[in-house]
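> Let me see the structure of the following:
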Amino acid sequence: MTKYIFSFLILALISCKDSEKPLISEEIIDKAIEYSGKTKLNKNVLKFTFRDYDYKATPTCDGFEFERISKTKSIKDVLYKGELTRYKNDSVVKLADTTAFKYMESVNSVHYFMQLPLRLKDDAVKLTDLGTEEIEGNEYYKLKVNFSEDGGGVDFEDIYIYWFDVEDFSMDYLAYSFIVNEGGLRFRKAINRRTVDGVVFQDYENYKPKSKSKKLEDIGKMYENDKLELLSLIQNEEIELLPKELNCN
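From the prediction side, this is the model:
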């Protein structure tokens, strides 16, 4: 009788182990978004201040309208449906294509990082599972993100890596490679995490390699081995959420 009970327990343990399937990349992102509460941005206007500008992200039936308003000049940049319009004293300013591109890239970048990890559900996102990695004594799911050219924005060739805590799915680190301005790598560590109206926001320590490197996938180890130097702090202030009614029928 004892023999049969033992066999039953072994089979139960094996069955339980088999049922604990590894999370796929999309499931990790879904859990990270759930932790962050960022789906609330789809029905609320987000306002915040970053350095010398006030920012506003307004959900619409055709995506987000992003704004950047100068604190020192009467200038407002509006990015909507991939096009940037600059206003000065409420009048449209005609911009050269290269200048408009530069402003568009800048406005989109600030809003993109503020909305993470929600933006990892964009259609242009292509996820690659890089397994797990330990940073500062904690274990993380490590995902790489590429973008398709169609819908991937002006920086679709950039590559990102995100680290999500295996326990609570918080996004504690991110890194990216970029091509513009001779290219390079950046690594960000989340700091000053706080919750505003049920949505998690965080600031970042922004690092760069001490020596020139193109190995983005090794940058977590570079951080661990003190091969990165602090470049700047990314601090967002005066965060506010305002309900937005949408009727898209």
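> May I see the buried residues of stretch 115-127?
By neighbour count on 16 or more other CB atoms under 10 Å, the buried set for stretch 115-127 is Gln115, Leu116, Pro117, Leu118, Arg119, Leu120, Asp122, Val125, Leu127. (Each C-beta comes from the backbone N, C-alpha and C, glycine too.)
> who touches that stretch?
By CB atoms under 8 Å, 6 or more residues apart in numbering, the surrounding residues in contact with stretch 115-127 are 25-26, 29, 32-33, 36, 38-39, 41-42, 46, 57, 112, 143-148, 150-153, 156, 162, 164, 171, 174.
> residue ranges with poor pLDDT in this structure?
Within the chain, the stretches with pLDDT under 70 are 1-20, 149-156, 181.
> quick one, helices of it?
Taking DSSP state H, the helices of the chain run over residues 2-19, 25-36, 97-115, 219-224.
> which residues are contacting the shortest one?
The reference is to helix 219-224. 133, 135-136, 142, 161, 163, 173, 175, 185, 187, 189, 207, 209, 213, 228.
> among those, which ones are buried?
By neighbour count, with 16+ other CB under 10 Å, the contacts of helix 219-224 hold 133, 135, 142, 161, 163, 173, 175, 185, 187, 189, 207, 209, 213, 228 as buried.
> so the fourth one bridges to which residues?
Residues in a beta bridge with Ile161, per DSSP bridges, are Lys144, Ala175.
> who's in contact with it?
Residues counted as contacts of Ile161 (CB under 8 Å, 6+ apart) are Leu130, Lys142, Leu143, Lys144, Val145, Leu174, Ala175, Tyr176, Leu216, Glu217, Ile219, Gly220.
> Make CSV from those and add distance to Thr98 to it.
Shown next, in CSV, are these (distance: CB to CB, whole Å):
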residue, distance to Thr98
Leu130, 35
Lys142, 36
Leu143, 33
Lys144, 30
Val145, 27
Leu174, 28
Ala175, 28
Tyr176, 23
Leu216, 27
Glu217, 32
Ile219, 30
Gly220, 35
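> These, buried ones only, as a PyMOL selection?
Typed into PyMOL, the line below selects the buried ones among those, using 16+ other CB under 10 Å:
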select buried, resi 130+142+143+144+145+174+175+176+216+219+220
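> And the contacts of Ile161, which two are furthest apart?
Spanning the widest gap among the contacts of Ile161 are Val145 and Gly220, at 15.0 Å by CB to CB.
> before we move on, the earlier item: make a PyMOL selection of the buried ones in the contacts of stretch 115-127.
Selection of buried members from the contacts of stretch 115-127 for PyMOL, criterion 16+ other CB under 10 Å:
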select buried, resi 25+29+32+33+36+38+41+46+57+112+143+144+145+147+152+153+162+164+171+174
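> where do the strands sit along this structure?
For the chain, the strands defined by DSSP state E cover 44-50, 53-60, 63-70, 75-80, 83-88, 91-93, 125-135, 138-147, 159-165, 171-178, 184-196, 199-209, 228-234, 236-243.
> partners of the last one, with directions?
It refers to strand 236-243. In its sheet, and by DSSP bridges, strand 236-243 pairs with strand 44-50 (antiparallel).
> Grab the most central residue of the chain for me.
For the chain, Leu116 is the residue whose C-alpha lies nearest the centre (CA atoms, centre = their mean; 3.1 Å).
> Is it possible to get TSV of the strands of the chain that adds distance to Lys102?
Formatted as TSV, the strands of the chain follow (distance: least, CB to CB, whole Å):
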stretch	distance to Lys102
strand 44-50	17
strand 53-60	15
strand 63-70	13
strand 75-80	11
strand 83-88	9
strand 91-93	14
strand 125-135	24
strand 138-147	19
strand 159-165	21
strand 171-178	14
strand 184-196	17
strand 199-209	20
strand 228-234	19
strand 236-243	22
